[in-house]
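Engineer: Here is a sequence with its predicted model. Questions after.
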Amino acid sequence: MPQSGQGETSEQLPGPEERERASAALRAAFARLAPQGSDTWNFQAAFTHLGDRYGPYHPGASALSDALDAEAEQGTRGGRLERLRARRGRAAAPQSAERELEEAMGHVVEAFRFLSARVATLEQRLAAEDHPVEGAAWLVPARELGSWAGPLAAHLLACTPGGDIVHADCGEGSLLRALAERGAVGHGVEPRGAVALRALEAGYTVSIAEADEHLGSVADGTLGGVVLSGVVDRLPLHALLPLLSECRRTLARAAPLVVVSEPATAGAGRDVPARDLVRGRPLHEATWELLLERAGFVEVAPLADGTSGDGRIAVAAVTPS
């Protein structure tokens, strides 16, 4: 018989070099994707051992329901799960301490299984919630401070204990310009590169980043003031809360914080904060006052702008002295 078939087979097999290259790629992929040490890995490992010891663990099904069904199919009565059935006035059969422990651990396994499913659901929701603004919405530029720049600069310089003054989103740098005219230096933060470039070209110090990214690199208690505008109109509420906490952490004692926001939707009344927290931005003035107070700021009050009424609101506060 000709050996051509074997020869063709050997030619189709990868050589040592190809196999080594494939192995290296697999090792690199495993090193990059390996879940060892992660919360999910550790939880699943511990849960599997717990289920094997006391369960067993049934993915996607209820171990308790399976055990009840098995007893029903076998026609057994008086088993360790008997007390979960309707007693109809009959006293429970006595159980040993060991069986009580095993039964209790079975409920623990069930509880952990449902807890795992709940945590996985929450993680999926959080992962889908914090995406950056994309598409046309990102192309719509935030309004420049305009006539707000002068009053804000005056307020900041009257209250600051000293230190850098940060403005996010700074846009083309109108507040930075107003501070420079008064002999002070501000630091702008702007995520849109094209907009930040115009401020940089004007000679101002600007970081192309999101506000939380920049504040995360600032040491505790070192800033002399923070102004938030633009960014507060496009972030969801759950992202605004940690941003205020970062401002509180980085501001020096008695340093000012000012939030400038677009006008909120129509409506007033004592339930305004509750409606804002449910429906989202833009927030009302009363809601901003509540959030700033909860974030640990004091002397929270609306800031008079002295402008010709562009509709925006400003709420000022300071860190405790």
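Structural biologist: Done, it's in.
Engineer: Return the helix or strand in this protein with minimum mean pLDDT.
Structural biologist: Comparing helices and strands within the chain by mean pLDDT, DSSP states H and E singles out helix 136-139 as the least confident, with a mean of 46.
Engineer: How about the very next helix or strand once past that helix, which residues are buried there?
Structural biologist: Along the chain past helix 136-139, the next helix or strand (assigned with DSSP states H and E) turns out to be helix 149-159. Residues of helix 149-159 classed as buried: 149-153, 155-157, 159 (neighbour count, 16 or more other C-beta atoms under 10 Å). From N, CA and C alone the C-beta is placed, and that goes for glycine too.
Engineer: what's the answer for stretch 253-261, then?
Structural biologist: Using 16+ other C-beta under 10 Å as the burial criterion, the residues of stretch 253-261 that qualify are 255-261.
Engineer: Give the rounded mean pLDDT of it.
Structural biologist: Throughout stretch 253-261, pLDDT has a mean value of 95.
Engineer: Find me the pLDDT at residue 143, would you?
Structural biologist: Looking at residue 143, its pLDDT stands at 80.
Engineer: now swap in residue 299 and tell me
Structural biologist: Here the pLDDT value assigned to residue 299 is 94.
Engineer: That one and residue 320 touch, don't they?
Structural biologist: No. No contact is recorded between residue 299 and residue 320 when judged using C-beta atoms under 8 Å, the distance being 9.1 Å.
Engineer: Am I right that residue 226 is in a helix?
Structural biologist: No. Under DSSP: H, G, I helix; E, B strand; the rest coil, residue 226 falls outside any helix and is assigned strand.
Engineer: ok, it - how many residues close by?
Structural biologist: Here the neighbour count serves as a burial measure; for residue 226 (other C-beta atoms under 10 Å) it reads 29.
Engineer: Now the buried residues of stretch 253-261 in TSV, please, with extra columns for secondary structure and distance to residue 108.
Structural biologist: Output for these, formatted as TSV (DSSP: H, G, I helix; E, B strand; the rest coil; distance: C-beta to C-beta, whole Å):
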residue	secondary structure	distance to residue 108
255	coil	50
256	strand	52
257	strand	47
258	strand	52
259	strand	47
260	strand	52
261	strand	48
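Engineer: export those to TSV and tack on distance to residue 180?
Structural biologist: Shown next, in TSV, are these (distance: C-beta to C-beta, whole Å):
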residue	distance to residue 180
255	19
256	18
257	21
258	18
259	22
260	19
261	25
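Engineer: Report the two of those separated the most.
Structural biologist: Of all pairs drawn from the buried residues of stretch 253-261, the one with the largest separation by C-beta to C-beta is 255 and 261; the distance is 20.1 Å.
Engineer: element containing residue 187, please.
Structural biologist: Residue 187 belongs to strand 186-189 when assigned by DSSP H and E.
Engineer: got the contact list for that strand?
Structural biologist: Applying C-beta atoms under 8 Å, 6 or more residues apart in numbering, the set of residues contacting strand 186-189 from outside is 164-170, 173, 175-176, 179-180, 196, 199, 204-207, 209-211, 214.
Engineer: Equivalent analysis for stretch 236-251, please.
Structural biologist: Counting by C-beta under 8 Å, 6+ apart, stretch 236-251 makes contact with 129-130, 211-212, 215-216, 218-226, 228, 231-232, 235, 257, 276-277, 280-281, 283, 291-292, 295-297, 319, all of which sit outside it.
Engineer: Show me which residues of it are buried.
Structural biologist: 239-240, 243-244, 246-251.
Engineer: Keep only those of those that are in helices.
Structural biologist: 239-240, 243-244, 246-250 (DSSP state H).
Engineer: Residue 28: which of those residues is nearest?
Structural biologist: For those, the closest approach to residue 28 (C-beta to C-beta) belongs to residue 239, at 34.4 Å.
Engineer: coming back round to it: take the buried residues of stretch 236-251 and write them to CSV, including distance to residue 120.
Structural biologist: Formatted as CSV, those follow (distance: C-beta to C-beta, whole Å):
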residue, distance to residue 120
239, 22
240, 26
243, 27
244, 29
246, 29
247, 33
248, 32
249, 31
250, 34
251, 38
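Engineer: Need the worst-confidence member of those.
Structural biologist: When those are compared, the smallest pLDDT is that of residue 239, 85.
Engineer: Would you mind measuring from it to residue 188?
Structural biologist: With distances defined as C-beta to C-beta, to the nearest Å, the gap from residue 239 to residue 188 amounts to 20 Å.
Engineer: cool, and residue 296?
Structural biologist: Distance from residue 296 to residue 188, by C-beta to C-beta: 25 Å.
Engineer: And these two? Which one has more around it.
Structural biologist: Higher neighbour count among residue 296 and residue 188: residue 188, with 28 against 14, using other C-beta under 10 Å.
Engineer: which residues does the more buried one bridge with?
Structural biologist: Beta-bridge pairing of residue 188, defined through DSSP bridges, involves residue 167, residue 206.
Engineer: thought residue 153 was touching residue 183?
Structural biologist: No. Counting by C-beta under 8 Å, residue 183 is not a contact partner of residue 153; they are 10.4 Å apart.
Engineer: what does the model give the residue lying closest to residue 250 once chain neighbours are set aside for pLDDT?
Structural biologist: With C-beta to C-beta, 6 or more residues apart in numbering as the measure, residue 218 is the residue that lies nearest to residue 250, at 4.4 Å, once sequence neighbours are left out. Per-residue confidence at residue 218 stands at 95 (pLDDT).
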